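Chemist: sequence plus the predicted model coming up.
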Amino acid sequence: MGSIDDQSKLIDSIREKSILLSLPKEKIETPATDRINFERDLNYFHVMDHNEPHAIRRRAILEKYPDIQKLFKREPYSSMFFVVLIHIIQIFMCYVIKNYEWSWGGVVLFALTIGAIFNHGLFVLYHDITHFNCFASTRNNQLAAIFTNLPQIIPSAVAFGRYHRDHHFYMGDPLLDPDIPTVIEINFFKTTLRRLCFICLLPFFYALRPYFKKPKSISPMEVLNIISCAIYGYLIYHFFTIKALIYLTASTYFGLSVHPVSAHVIAEHYEFNKSQDTYSYYGWLNWINFNMGYHVEHHDFPSVPWYNLPRVREIAPDFYNNLPTIDSYVKVILKYIFDGNIGPWARIAVGENKNFFRTVNKKTK
């Protein structure tokens, strides 16, 4: 293993801009969530000159640690075991809701506290499956993603996979990255109350934003996804009553909005630490979030399945250990809502469209 100085020189020789590319020589102990008070433009993103950083890092890491390629493993058992297990648990919960005549308040409360964890887990699992890390064929991965999506009721898996690939390929591009907020979001969500609304409506922004940025024509597998979820939802309603259907739907909503397990959506790429594009979280919630916190590792190697992501950091510690990390998902939510430094503008813009929204703003003023 080379020294930190050697590794920094290796990446600096490629491009020196993002902290992901110009590695700190010593470990930064202060969590990224406590490093947000730096001067920034609250009307636009932080524009930087480097290219998408993870492709650059990937080449450098593989040059030094070629054994990481052994972690590029496709096998269905690890993911599908948990998919089936969560299916069984959620159907059992629907049975309990029907037979024990739960109140509406009890249904909503249980969806918020427990159901959200399970349905968010399904989201994380189909996120990994849509990276084609489960089966060898694209078709089988898409079918597995559709099956995973069923208890969430809202059809999303196939469409998510199609647009999420753009997020990886164009990360940081304001026009092509569907994860980057739009100019309307930047200008509107300025106050604490509005940012709270943003968190509450996060599933809708996450799902609908790609269709306003660069919509794709709907695919046959997306149609199958929609039909499958509609049939599943009807069967839940028919056999377990409307309360069970609402429980599953509410579990999906809470699991992607106000619940701590979903805070990774904010934690992953918002600029908590100056000039850092992506963040990892190494806390205990990775046990129920299927290692979603290992997000720098995931973007470096999307072909590494969720259960192997900790091994990436173990093999190449000099690329990860000195980076500021997220220490608390609860803190992420609170900082986003109450601290005026963090909002839809707190992203790093790179690529050929990095000034796109700034140009739009000038034209509309």
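Modeler: Looks like it arrived, so ask away. Numbers count the residues shown, from 1 in each chain.

Chemist: what pLDDT does the closest residue to Thr30 other than its chain neighbours get?
Modeler: Excluding the flanking residues, the one nearest Thr30 by CB to CB, 6 or more residues apart in numbering is Pro324, at 6.7 Å. Quick note: C-beta positions are derived from backbone N, CA and C, even for glycine. Note on Pro324: pLDDT of 95.

Chemist: quick one: Pro324 and Ile28 touch, right?
Modeler: Yes: here Pro324 reaches Ile28: they are 4.7 Å apart, a contact under CB atoms under 8 Å.

Chemist: which of these two has more neighbours?
Modeler: Set side by side, Pro324 and Ile28 show more neighbours around Pro324, with 22 against 16, by other CB atoms under 10 Å.

Chemist: hmm, Phe147 and Phe135 touching each other?
Modeler: No: with contact defined as CB under 8 Å, Phe135 does not reach Phe147; the gap is 11.7 Å.

Chemist: tell me the SS of Val330?
Modeler: Put simply, Val330 is helix when judged by DSSP: H, G, I helix; E, B strand; the rest coil.

Chemist: for it, grab the count of nearby residues.
Modeler: For Val330, the count of nearby residues is 12 (other CB under 10 Å).

Chemist: my guess is it contacts Ser262. True?
Modeler: No: using CB under 8 Å, Val330 is not in contact with Ser262; the gap is 11.5 Å.

Chemist: pLDDT at the most centrally placed residue in the chain, what is it?
Modeler: For the chain, Val265 is the residue whose C-alpha lies nearest the centre (CA atoms, centre = their mean; 4.5 Å). For Val265, the pLDDT comes out at 95.

Chemist: ok, now Lys354?
Modeler: Lys354 is assigned 81 on the pLDDT scale.

Chemist: what's the distance between it and Asp173?
Modeler: Distance, Lys354 to Asp173, using CB to CB, to the nearest Å: 7 Å.

Chemist: sec struct for the residue nearest to Lys27 when sequence neighbours are not counted, please.
Modeler: Using CB to CB, 6+ apart and skipping the chain neighbours, the partner closest in space to Lys27 is Asn322 (4.7 Å). Per three-state DSSP, the secondary structure class of Asn322 is coil.

Chemist: hang on, Asn322 packs against Ile28?
Modeler: Yes: using CB under 8 Å, Asn322 is in contact with Ile28, at 6.4 Å.

Chemist: now for Pro324 and Ile28: what residues contact both?
Modeler: Common contact partners of Pro324 and Ile28 (CB atoms under 8 Å, 6 or more residues apart in numbering): Asn273.

Chemist: pLDDT below threshold where in the stretch 151-300 of the chain?
Modeler: For the stretch 151-300 of the chain, applying pLDDT under 70 flags no range at all.

Chemist: just the helices in it please.
Modeler: According to DSSP state H, counting those that start in this stretch, the stretch 151-300 of the chain carries its helices in the segments 157-169, 183-188, 192-200, 202-213, 220-255, 264-267, 295-300.
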